[in-house]
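Colleague: Mind looking at a prediction? Sequence and model below.
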Amino acid sequence: PGNKEVEPMKYAKVATDAFVSRHKVENCIQGTMSLLSYCLGKGENVALVLRDVGVLLIEGRRVQMKFYSDFLERITGKRMQEGAAFQVPQLRDVVVSRAVPIASLTFTGCVVIFPVSEREFVPKPPPRNRRKA
């Protein structure tokens, strides 16, 4: 719908920019996409880390992009003071610090991180039982 054009991946350009062979680029991208597809098919929570941009989080049917503040500074041309972005309600949900464990951004505390394909867990506190006085 919407007559969107899909542009094919420019493997040769990626290979040149990364100083590796085209064959290596194709295998890496196809392998990552295959593993990503497998994890999503199994219902795994996935975080696709986009270096210098941010993290794409996929949890069930929820998909959310979190951006690094330095990336937002580069595209807006404006300096974001450390921590200031987290005080603005509209930015709080889309800005993430590079220092934060990725699994802590999820509801479950468990995520498969791409492209390195590792699993990260952050213990979540147990639900609090309310006792009647």
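Modeller: Ah, there it is.
Colleague: Residues touching the biggest helix by length in the chain, excluding its own?
Modeller: Criterion DSSP state H: the longest helix present in the chain is helix 22-41. With contacts defined as CB atoms under 8 Å, 6 or more residues apart in numbering, helix 22-41 is touched by 9, 11-12, 14-15, 18, 46, 48, 58, 112, 114-115, 117. Where C-beta positions appear, they are placed from N, C-alpha and C, glycine not excepted.
Colleague: Could you tell me the average pLDDT over it, please?
Modeller: For helix 22-41, the mean per-residue pLDDT is 88.
Colleague: Point out the other helices and strands that the following helix or strand past it packs with.
Modeller: Per DSSP states H and E, the first helix or strand lying C-terminal to helix 22-41 is strand 46-50. If you count contacts as 3 or more CB pairs under 8 Å, 6 or more residues apart in numbering; DSSP states H and E, strand 46-50 packs onto helix 22-41, strand 54-59, strand 110-114.
Colleague: So for residue 100, which of these sits nearest?
Modeller: strand 54-59 (9.3 Å; CB to CB).
Colleague: Just checking: what are the partner strands of that closest one?
Modeller: Paired neighbours of strand 54-59 in the sheet (DSSP bridges): strand 46-50 (antiparallel), strand 62-68 (antiparallel).
Colleague: So for this structure, the centremost residue is which one?
Modeller: Centroid check for the chain by CA atoms, centre = their mean gives residue 55 as the closest residue, at 2.2 Å.
Colleague: Tell me how the chain divides into domains.
Modeller: 9-42, 45-115 (the TED database).
Colleague: weakest of those by average pLDDT?
Modeller: Per-stretch mean pLDDT for the domains of the chain is lowest at domain 45-115 (a mean of 79).
Colleague: Distance from the chain centre to that one, please.
Modeller: The chain centroid and the centroid of domain 45-115 are separated by 7 Å under CA atoms, centre = their mean, to the nearest Å.
Colleague: Give me the distance between residue 101 and residue 4.
Modeller: Residue 101 is 35 Å from residue 4, where distance means CB to CB, to the nearest Å.
Colleague: hang on, the earlier thing: mean neighbour count, the domains of the chain: which tops it?
Modeller: Here the criterion is mean neighbour count by mean count of other CB atoms under 10 Å, and of the domains of the chain the winner is domain 45-115, at a mean of 14.
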